[in-house]
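1. Got a predicted model here, sequence first, then my questions.
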Amino acid sequence: MRYDLLLQIHLFAVAFWLGVVAVEYLLEQSRAQSRNQGFTVARLHRKIDLLFEMPAFLVVLITGILLFEPARFEGLYAVKVVAGALAVLGNMLCLVPVLRRRAAADKDDLGDVIAQSRLIDRISLTAIPAGLVALACGVYLIILR
């Protein structure tokens, strides 16, 4: 596959993924409004993850691996790769509490819904900034090319 086409697919998937994360962030802000809203957020976040976020970050991961240039792995390029890997890893890890929270919501277990929500927040505090760092580094490196 041509490098420029692969890069375009990668960048489109990154943009799509960040859009999905932004929607999830906004959705999560409403979870404390009421018990029912918290349970609704748990159900919707699971659907968003399975239908949109997972496919997007898998495309980002696969295209990122295909675009990886080991000879360039230093400086800002290394920061971009590591930050991108952290973002993907964070999303993979976050899927576990998202699924657990949905199961807790289905059992009407508010305590576990809250506990899983806190875990999602903690993982997001690493994954989201890492993704933004990777994006910023990537844009800067493209401008330099």
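-> In hand now; what should we look at? Numbers count the residues shown, from 1 in each chain.
2. for the longest helix along the chain, packing partners?
-> When the chain is parsed with DSSP state H, its longest helix is helix 110-144. For helix 110-144, the packing partners by 3 or more Cβ pairs under 8 Å, 6 or more residues apart in numbering; DSSP states H and E come out as helix 3-28, helix 35-48, helix 75-106. Yep, even glycine has a C-beta here, placed from its N, CA and C like the rest.
3. would CSV of those with distance to Ser117, mean pLDDT and mean neighbour count be doable?
-> As requested, the helices and strands packed on helix 110-144 are exported to CSV (distance: least, Cβ to Cβ, whole Å; pLDDT from 0 to 100; neighbours: other Cβ atoms under 10 Å):
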stretch, distance to Ser117, mean pLDDT, mean neighbour count
helix 3-28, 8, 94, 16
helix 35-48, 7, 95, 17
helix 75-106, 6, 97, 19
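4. Among the ones you listed, single out whichever gets nearest to Val59.
-> helix 3-28 (4.0 Å; Cβ to Cβ).
5. Return the distance of the closest residue to Ser30 other than its chain neighbours relative to Leu7.
-> Leaving out its chain neighbours, the residue that sits closest to Ser30 by Cβ to Cβ, 6 or more residues apart in numbering is Gln37, at 5.7 Å. From Gln37 over to Leu7 the distance is 40 Å, taken as Cβ to Cβ, to the nearest Å.
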